[in-house]
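> what would the 3D arrangement of this be:
(one chain, ligands or ions: 1)
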Amino acid sequence: MYNFTALKDEVIAELERALMVDIGGGRGRALIAIAEETENAWGTEAKVGLQDKPPVLDSMPQESIPSVEKMTKNAVAAMIPTSRLLIGDLVIPAMTKVGEDMSPY
Ligand SMILES: C[S@@+](CC[C@H](N)C(=O)[O-])C[C@H]1O[C@@H](n2cnc3c(N)ncnc32)[C@H](O)[C@@H]1O
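Next comes the predicted model:
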């Protein structure tokens, strides 16, 4: 996983910038893990966005992601030259054998 803890000084120096937007972030699973890893963005009010399709976002009560802004619009336009694009992908083997982990399927 990306080393979010290493961003502490950068984030604190520029709190007006969004810390991150998770595009296709579903129910905010990654954002919750990052919040835990960074102790809620080091106790700051750093902006965090969750972008997904409206039915997905509407299915989540705001209380379940209190400091996260739900977004349905394209976040790319808000990026600047020093923004980072992290791609979280999954390579699923074409085949599995009986008894192996089936969870990716
Ligand atoms: C496999 S889920 C992954 C969810 C999340 N990243 C996670 O790891 O738990 C893919 C997500 O992408 C969202 N998605 C698909 N097409 C999208 C689009 N055009 N714009 C925004 N979100 C999209 C889906 O609604 C779904 O929540």
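> pull the residues that contact the lengthiest helix in the chain.
Longest helix of the chain, by residue count under DSSP state H: helix 29-37. With CB atoms under 8 Å, 6 or more residues apart in numbering as the test, helix 29-37 has contacts from 1, 4-5, 20, 22, 25, 41, 48, 50, 65, 67-68, 88. (Each C-beta comes from the backbone N, C-alpha and C, glycine too.)
> for the ligand, state which of these is nearest.
residue 25 (5.0 Å; CB to the nearest ligand atom).
> spell out the secondary structure type for the closest one.
coil (DSSP: H, G, I helix; E, B strand; the rest coil).
> with residue 8 instead?
Going by three-state DSSP: residue 8 is helix.
> that one contacts residue 42, doesn't it?
Yes - shown here, residue 8 and residue 42 form a contact pair, counting by CB atoms under 8 Å, at 5.4 Å.
> list the contacts of residue 54.
If a contact means CB under 8 Å, 6+ apart, then residue 54 has residue 72 as its contacts.
> quick one: the strands in this protein?
18-23, 47-51, 68-71 (DSSP state E).
> would you turn these into a markdown table with mean pLDDT?
Supplementary listing: these in a markdown table, determined by pLDDT from 0 to 100:
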| stretch | mean pLDDT |
| --- | --- |
| strand 18-23 | 94 |
| strand 47-51 | 94 |
| strand 68-71 | 94 |
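> any chance of those strands in TSV, plus mean neighbour count and distance to the ligand?
Shown next, in TSV, are these (neighbours: other CB atoms under 10 Å; distance: least, CB to the nearest ligand atom, whole Å):
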stretch	mean neighbour count	distance to the ligand
strand 18-23	20	6
strand 47-51	19	6
strand 68-71	17	9
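> which among those is found nearest to residue 93?
Of all the strands of the chain, strand 18-23 sits nearest to residue 93, with 25.5 Å by CB to CB.
> quick one: end-to-end distance for stretch 55-75.
In stretch 55-75, first residue to last residue: 18 Å (CA to CA, to the nearest Å).
> distance between that stretch and the chain's centre?
11 Å (CA atoms, centre = their mean, to the nearest Å).
> quick one: name the residues of this protein near the ligand.
24-26, 29-30, 51-53, 56 (CB under 6 Å from any ligand atom).
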